[in-house]
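Undergrad: no letters, just coordinates:
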């Protein structure tokens, strides 16, 4: 029989406030249909979070008042999960199948409906988002090898550049790097839309961004779409591949929206340790309409502890890098 959890902690602060958020809490978009949520999760490469509660459960109602009303929590959860809420009185069979034994509880499912974790709900907004996010991070890390094996890896392509032309050998193994950064030279050609600066820098070493996946597809559709070596661009020292000419055009219209924050580096390490360490896509999150990449789960956890502090540092890092650009089409 379900029993109410007895945790009696109060929310004293929210760690999920951004400069653009108003003082009014954004309402969390809970879904009631689990099949619809699973379908959405499969399309958006997210997990499903099922929050189990009841109106007679004291801690459940406290979470409704003091946790789910916190500004920014909807964004912190929605970046990794499709959110579902089950009233225990109406879903006894579902809760029994999940193995839920107390309320409030949360069940995390993979897009194909497999149970990833069943746990008692943390009672503060920062703890709730932190624990839930750690589950998502661990799941992504576990699945990254399978995803990488099933998806074409454009990062394995080693393009050779000249001043005006890019020649790529799609099936050729990459040459050994000649410098600490991956050797992908910039190209000196005008993009279809004028870049933010009038002058284009001379060819220089550029780091392959997001392992060669299309940043436009990642932002617009949250899909890991392999980039095509014939559609590329360099921006702030990063080499981007795009899934299509249309995606390349969208990037040039607003490159700061699609390029990872902090120029693809780990903003936590940069601020706390003063080092420029490239982030990894398996430790990536959405925050404030940007992609943030981190070098480890530890950095990701610290980011969630004070996201706006690190986001501000990332914006400063981005602004300090010259906005030199070039493209290949």
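TA: Thanks, I have it. Predicted, not measured: the structure shown is a model, and the values here were computed from it.

Undergrad: quick one, phi psi at residue 87?
TA: phi -70, psi 120 (degrees, to the nearest 10).

Undergrad: contact partners for the residue lying closest to it once chain neighbours are set aside?
TA: Distance criterion CB to CB, 6 or more residues apart in numbering; nearest residue to residue 87, sequence neighbours excluded, is residue 54 at 6.2 Å. For the C-beta atoms, the positions are set from N, CA and C on the backbone; glycine is no exception. Taking CB atoms under 8 Å, 6 or more residues apart in numbering, we find residue 54 in contact with 2, 60, 87, 88, 89, 103.

Undergrad: which one of those residues is nearest residue 285?
TA: Nearest to residue 285 among the contacts of residue 54: residue 60, at 27.5 Å, using CB to CB.

Undergrad: surely that closest one is in contact with residue 103?
TA: Yes. Between residue 60 and residue 103 there is a contact under CB atoms under 8 Å: 5.6 Å.

Undergrad: mind listing what's buried in the helix or strand hosting residue 303?
TA: Assigned by DSSP states H and E, residue 303 falls within helix 297-305. With burial defined by 16 or more other CB atoms under 10 Å, the residues of helix 297-305 counted as buried are 297, 299, 300, 301, 302, 303, 304.

Undergrad: for stretch 92-110, same thing?
TA: For stretch 92-110, a neighbour-count test (16+ other CB under 10 Å) marks 94-95, 98, 100, 102-110 as buried.

Undergrad: and of those, the nearest to residue 286?
TA: Among the buried residues of stretch 92-110, residue 108 lies closest to residue 286 (CB to CB), at 17.9 Å.

Undergrad: what's across from the closest one in the sheet?
TA: residue 49, residue 117 (DSSP bridges).

Undergrad: separation between it and residue 64?
TA: According to CB to CB, to the nearest Å, residue 108 and residue 64 sit 20 Å apart.

Undergrad: of the contacts of residue 54, which is the most crowded?
TA: Within the contacts of residue 54, most neighbours by other CB atoms under 10 Å means residue 103, with 23 neighbours.

Undergrad: could you check how far that residue is from residue 260?
TA: With distances taken as CB to CB, residue 103 is found 39 Å from residue 260.

Undergrad: packing partners of the lengthiest helix in the chain?
TA: Using DSSP state H, we find that the single longest helix of the chain is helix 125-150. For helix 125-150, the helices and strands in contact under the criterion 3 or more CB pairs under 8 Å, 6 or more residues apart in numbering; DSSP states H and E are strand 47-53, helix 73-78, strand 105-109, strand 115-120, strand 280-287, helix 297-305.

Undergrad: give me that answer again for 7 Å
TA: strand 47-53, helix 73-78, strand 115-120, strand 280-287, helix 297-305 (3 or more CB pairs under 7 Å, 6 or more residues apart in numbering; DSSP states H and E).

Undergrad: relative to the whole chain's centre, how far out is the longest one?
TA: Its chain's C-alpha centre and that of helix 297-305 lie 13 Å apart, by CA atoms, centre = their mean, to the nearest Å.

Undergrad: try the third one
TA: Its chain's C-alpha centre lies 21 Å from the corresponding centre of strand 115-120 when counted by CA atoms, centre = their mean.

Undergrad: quick one: buried residues of that strand?
TA: Buried residues in strand 115-120 (16+ other CB under 10 Å): 116, 117, 118, 120.

Undergrad: then the fourth one?
TA: Residues of strand 280-287 classed as buried under the neighbour-count rule (16+ other CB under 10 Å) are 280, 281, 282, 283, 284, 285, 286, 287.

Undergrad: confidence score at residue 238?
TA: Here the pLDDT value assigned to residue 238 is 89.

Undergrad: quick one: contacts for the closest residue to it other than its chain neighbours?
TA: Leaving aside its sequence neighbours, residue 238 sits nearest to residue 209 (CB to CB, 6+ apart; 4.1 Å). Residue 209 is in contact with 215, 238, 239, 240, 259, 260, 264, counting by CB atoms under 7 Å, 6 or more residues apart in numbering.
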